[in-house]
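Asker: No letters, just coordinates:
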């Protein structure tokens, strides 16, 4: 089975191919394509029109396109009806600049998809001269049909690839936004339910943040160990996280139970780390490649790995099987089974990591290499094998983080890269290269981000975390637990 | 170049912190600590103008830190110092250099990805083309460029680097880089040249020529302050010697007598009074010093860590 | 079979997007290539410039010169705000701060609370109105075959490439001047330059502002032929610019131009070839899978370039300061 969530019949496939063909050329032309037309005004070929609209109708919950929905475009003497394609898209050629009204025909939206909230439908769009593929994005909300209360923002992040061609039709998989955590975690915490007021909400945010901080710590400790032993700011660490989630997802689609998926994510994730070290990082160390090029290599690796995930798993949200019913209720907070288990597993693993670092020979060797690689080498430690172990361990931890974040929030091709800067922030907050600092930093950051939403909009919490990162770098670059170091 | 007689240098009995007749640099109460460890704690010291002064001391005595403080590359916890009568405390490094006090580094900082001649031109002052807007109009700076290039050529010739003018500095030998760094520092016509271990890592064959160049600076009216380990070198060229140990100035005096000062012998050797100070010095000690700098740095870090 | 895509790919050489990327990369070369500032937030500078231009034009009805001035001032201010605290820190700190700052910009302009000003997640549309209003080319079609452009499309190309040429000229003059000598010294060892009496902080700031303004103008150029959308300014935009820079040569003046042209022609050609392969059944992938391929290519190219040809196409290996 392919990774995309909706099955395709063969006529769909044919249409998709056609749509894809047009989309491909639209990329080349910088013009729009892929419209299905049925009109009262004569339709205008969007590939030759000077102005065009790119309409995209999707499901709010999983961002799946909704096909075969008709909508009208009116304005400047133009009045035509169109139908969305298999991806829920349509490109509409326009006669000229002006204001156009786009209205989704609610009766053609499948009942299973819900309805487009009336607040965003119809919409007026200003189109100025030579504007092609002006985005007009709609989201259908299941359940409460047309209810204004549940209206999400009419457009979402995943609208356009940041590719610079004048189009949004790059295959429908390439979100430009890498930083949208877009987490539904708030749904797991029924904040306002008990009407407990400010403290109730604050408590629920504290719990949410604490759990997220624990999960973040799994990834951050690995990134910190890699930084400590090799000096590398690994920009591909997010992809190690995503990898674990994808392993678990694949296992789940093959019918494996959840615990097996988690185990596989750890084991195969660790193997992924070994492969990376063996075939990329160790040869580069042997070549004595500098830290800046190494950082850029990790960026390139992150970019290609991320899109290899898209290639195989598609650009949509992937659902890990999850039981949404409350498992543990703490006052105003109700947690699902996976939320509780995720936190417990993360905490147990973190304790185990601490034990390894403090008590075992390998852990001591790792810390010695972090402190001073040449001194460690001189005292008989095999630095290369320590670094290999660090890669394996860090990748395994990141893999585990990926599954747990997948269960806790959501899983997508960019789940890991979306939290990459948070990982960096946690590592920096705790003190670069200090594993325990990364743990503390992660939890502080997780709690801070969520508590911050008491005073700032929810969608700015990620930005708030980055502000913390910057402030820490400016005033205490050694972090909370880091060694003081001469800088500047 | 004859040595400057002691009575032309000092204005009082020879002791640590003695007043000089014509000081170019006067340091008062400069203290620098790393965490709990005091790296530099100099009550009072004066550097005589127009002479060659050596700053010596055992490993970890704080000589390089003292250099960094005086030149603005590090900030002291407290203290002040006057250069040509102007207070330099709190003055950033680049302004210190502009006021006529230039330095070199223990680990040579020749810019190896630039050509030798470009390294030299970088040392020039009053180049209007270093202003971003004037840079766009070559006619505003071409004349000055030609002048400084001429000066660079003659300095390179003096340091026997003129044949390497268009080579990348990275292709020079260790000793040639030291020479280049010194020549580059001279581009600005400084009053005080501070050399941090000018002989470290230099092929012994080049040592004599380096010494000659240092004496040359004095002949041209510049003051030289240099950190050195090789006592033979110090005896040969220094007019005055300042000895540091554990961050403090423990002795001062002309090279002929300061070596027999018990405080110096204590500082260097502990109980081994009978060893000739000259023979244990040289390359070996330089290597030791570099090693120990690493260790000292670690100690400082540890102390800073524990001190919190 | 339709081989028009070859012509269209070649058309990318002159496209305004190519010009915008080239301009932004010239800014990056000033930062990274010549001064050694590891700016991972050039996308943020483009966003600031683009938003300043669009907001000035659409919300304040500013005339074109004022909107351009707003673009320059906003990106200079952004550079100043980033630079004052960070230019004294270690190089890798600057990279983290800049990437974080660019993400903060992108996430902030997207919030629904700012929709009245920034257009929220949908962005802004129609910022080119004052620009197209002064188009001197009479209405009509220019060019031949599939490479036929309208007057407005021609106008943005002419202006875009004129900007790029001007930027190249200025950078060319700068790096060959004593100013350029100082910043090149700084990228290698700022303490050495400081010891020679140069105000290193001031030079770094000048470079950051200058390169940032080029990034801001590139952001303006980028939105002239399209609408302004916040998600175009994600971190991968910056990484595309790094790829272009390393491709052309990080320490060269004209590398960004060559790099940007090759980058976009290659992407277009590979897209076209993939489409051809898919449609003729040669490639066993779906058209949906075709989208990510270009990013995979870019990522691999970036990693290979920096390791195996860090000097790029035009660069001099002896000047590659970042490989050791």
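Answerer: On my side now, so go ahead. All figures in this text were calculated on a predicted structure; none of them were measured in a lab.
Asker: Number of residues surrounding residue 45?
Answerer: I went with chain A, as the question did not name one. Other residues within reach of residue A:45, judged by other C-beta atoms under 10 Å in any protein chain shown, total 14. Yep, even glycine has a C-beta here, placed from its N, CA and C like the rest.
Asker: meant chain C actually
Answerer: Count around residue C:45 with other C-beta under 10 Å applied: 36.
Asker: Just give the closest residue to it, not the sequence neighbours.
Answerer: residue C:215 (3.2 Å; C-beta to C-beta, 6 or more residues apart in numbering or on different chains).
Asker: Find the helix or strand that that neighbour is a member of.
Answerer: Per DSSP states H and E, residue C:215 falls inside helix C:200-223.
Asker: What residues of the next helix or strand after that helix count as buried?
Answerer: For helix C:200-223, the following helix or strand on the C-terminal side (DSSP H and E) is helix C:235-248. Using 16 or more other C-beta atoms under 10 Å in any protein chain shown as the test for burial, helix C:235-248 gives C:235-248.
Asker: same check, this time on stretch A:378-387
Answerer: Under the neighbour-count criterion of 16+ other C-beta under 10 Å, stretch A:378-387 has A:381, A:383, A:386, A:387 buried.
Asker: now check it, is it near chain B?
Answerer: No - Stretch A:378-387 does not reach chain B (C-beta under 8 Å from any C-beta of the partner chain); its nearest approach is 11.6 Å.
Asker: Run the chain-centre distance for that stretch.
Answerer: How far stretch A:378-387 lies from its chain's middle: 36 Å, per C-alpha atoms, centre = their mean, to the nearest Å.
Asker: tell me which element residue A:137 is part of?
Answerer: Using DSSP H and E, residue A:137 maps to strand A:134-140.
Asker: Report the angle between the helix holding residue C:215 and helix C:235-248.
Answerer: Interaxial angle, helix C:200-223 versus helix C:235-248 (axes from the mean of the first three to the mean of the last three C-alpha atoms, to 10 degrees): 110 degrees.
Asker: Does anything pack onto helix C:200-223? Which helices or strands?
Answerer: Judged by 3 or more C-beta pairs under 8 Å, 6 or more residues apart in numbering or on different chains; DSSP states H and E, helix C:200-223 is in contact with helix C:16-28, helix C:35, helix C:42-59, helix C:64-86, helix C:151-175, helix C:178-188, helix C:190-195.
Asker: among those, which is the most enclosed?
Answerer: helix C:16-28 (a mean of 29; mean count of other C-beta atoms under 10 Å in any protein chain shown).
Asker: picking up where we left off before, how far away from the center of its chain is the strand holding residue A:137?
Answerer: 20 Å.
Asker: mean confidence score for the helix holding residue C:215?
Answerer: Averaging pLDDT along helix C:200-223 gives 97.
Asker: what's the answer for stretch A:407-419, then?
Answerer: Rounded mean pLDDT across stretch A:407-419 is 90.
Asker: so how far is the first residue of it from its last?
Answerer: Start-to-end span of stretch A:407-419 (C-alpha to C-alpha, to the nearest Å) is 15 Å.
Asker: does the spatially closest residue to residue C:189 that is not a sequence neighbour count as helix, strand or coil?
Answerer: Of all residues not flanking residue C:189 in the chain, residue B:109 sits nearest, at 5.2 Å (C-beta to C-beta, 6+ apart). Put simply, residue B:109 is coil when judged by DSSP: H, G, I helix; E, B strand; the rest coil.
Asker: what's the distance between residue B:109 and residue B:180?
Answerer: Residue B:109 sits 10 Å away from residue B:180, going by C-beta to C-beta, to the nearest Å.
Asker: swap in residue C:182?
Answerer: According to C-beta to C-beta, residue C:182 and residue B:180 sit 17 Å apart.
Asker: Same check on residue C:98?
Answerer: In this view, residue C:98 and residue B:180 are 34 Å apart by C-beta to C-beta.
Asker: ok, the residue in the stretch 101-250 of chain B that chain A sits nearest to - contacts?
Answerer: Per C-beta to the nearest C-beta, residue B:113 is where the stretch 101-250 of chain B lies closest to chain A, at 13.1 Å. For residue B:113, the contacting residues are B:168, B:169, B:170, C:184, C:188, C:318, C:319, C:320, C:321, by C-beta atoms under 8 Å, 6 or more residues apart in numbering or on different chains.
Asker: what secondary structure does it sit in?
Answerer: When classified by three-state DSSP, residue B:113 comes out as coil.
Asker: With the one 5 residues further on instead?
Answerer: Under the three-state scheme (three-state DSSP), the conformation of residue B:118 reads as helix.
Asker: Would you mind confirming that it is in contact with residue C:180?
Answerer: No - with contact defined as C-beta atoms under 8 Å, residue B:118 does not reach residue C:180; the gap is 9.9 Å.
Asker: Looking at the helices and strands packed on helix C:200-223, spot the one closest to residue B:78.
Answerer: helix C:190-195 (23.1 Å; C-beta to C-beta).
Asker: all helices in the stretch 201-350 of chain A, in order from the N-terminus.
Answerer: A:237-253, A:258-276, A:282-286, A:291-313, A:337-359 (DSSP state H, counting those that start in this stretch).
Asker: Now mean neighbour count and distance to residue C:127 too, for those, in TSV please.
Answerer: Shown next, in TSV, are these (neighbours: other C-beta atoms under 10 Å in any protein chain shown; distance: least, C-beta to C-beta, whole Å):
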stretch	mean neighbour count	distance to residue C:127
helix A:237-253	27	33
helix A:258-276	20	43
helix A:282-286	14	43
helix A:291-313	23	29
helix A:337-359	17	45
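Asker: picking up where we left off before, ok, the contacts of residue B:113 vs residue B:28, which is closest?
Answerer: Using C-beta to C-beta, residue C:188 is the member of those that sits closest to residue B:28, with 35.9 Å.
Asker: what sits against the residue lying closest to that closest one once chain neighbours are set aside?
Answerer: Spatial nearest neighbour of residue C:188, excluding adjacent residues (C-beta to C-beta, 6+ apart): residue B:111 at 4.8 Å. Contacts here follow C-beta under 8 Å, 6+ apart; on that basis residue B:111 touches B:118, B:119, B:122, B:169, C:184, C:185, C:188, C:189, C:192.
Asker: chain center to stretch C:238-252: distance?
Answerer: Offset of stretch C:238-252 from its chain centre (C-alpha atoms, centre = their mean): 10 Å.
Asker: Return the mean pLDDT over that stretch, rounded to an integer.
Answerer: 94.
Asker: Please enumerate the strands of chain B.
Answerer: Using DSSP state E, the strands found in chain B span residues B:23-34, B:37-48, B:52-56, B:78-83, B:86-87, B:101-103, B:192-196, B:223-227, B:240-245, B:248-253.
Asker: can you redo these as JSON lines with distance to chain A, mean neighbour count and mean pLDDT?
Answerer: Formatted as JSON lines, these follow (distance: least, C-beta to the nearest C-beta, whole Å; neighbours: other C-beta atoms under 10 Å in any protein chain shown; pLDDT from 0 to 100):
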{"stretch": "strand B:23-34", "distance to chain A": "9", "mean neighbour count": "20", "mean pLDDT": "93"}
{"stretch": "strand B:37-48", "distance to chain A": "12", "mean neighbour count": "22", "mean pLDDT": "92"}
{"stretch": "strand B:52-56", "distance to chain A": "22", "mean neighbour count": "26", "mean pLDDT": "94"}
{"stretch": "strand B:78-83", "distance to chain A": "19", "mean neighbour count": "17", "mean pLDDT": "94"}
{"stretch": "strand B:86-87", "distance to chain A": "23", "mean neighbour count": "11", "mean pLDDT": "92"}
{"stretch": "strand B:101-103", "distance to chain A": "18", "mean neighbour count": "27", "mean pLDDT": "94"}
{"stretch": "strand B:192-196", "distance to chain A": "17", "mean neighbour count": "24", "mean pLDDT": "94"}
{"stretch": "strand B:223-227", "distance to chain A": "20", "mean neighbour count": "24", "mean pLDDT": "94"}
{"stretch": "strand B:240-245", "distance to chain A": "21", "mean neighbour count": "24", "mean pLDDT": "92"}
{"stretch": "strand B:248-253", "distance to chain A": "23", "mean neighbour count": "22", "mean pLDDT": "92"}
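Asker: now the end-to-end length of stretch B:129-141.
Answerer: Using C-alpha to C-alpha, the end-to-end distance of stretch B:129-141 comes out at 5 Å.
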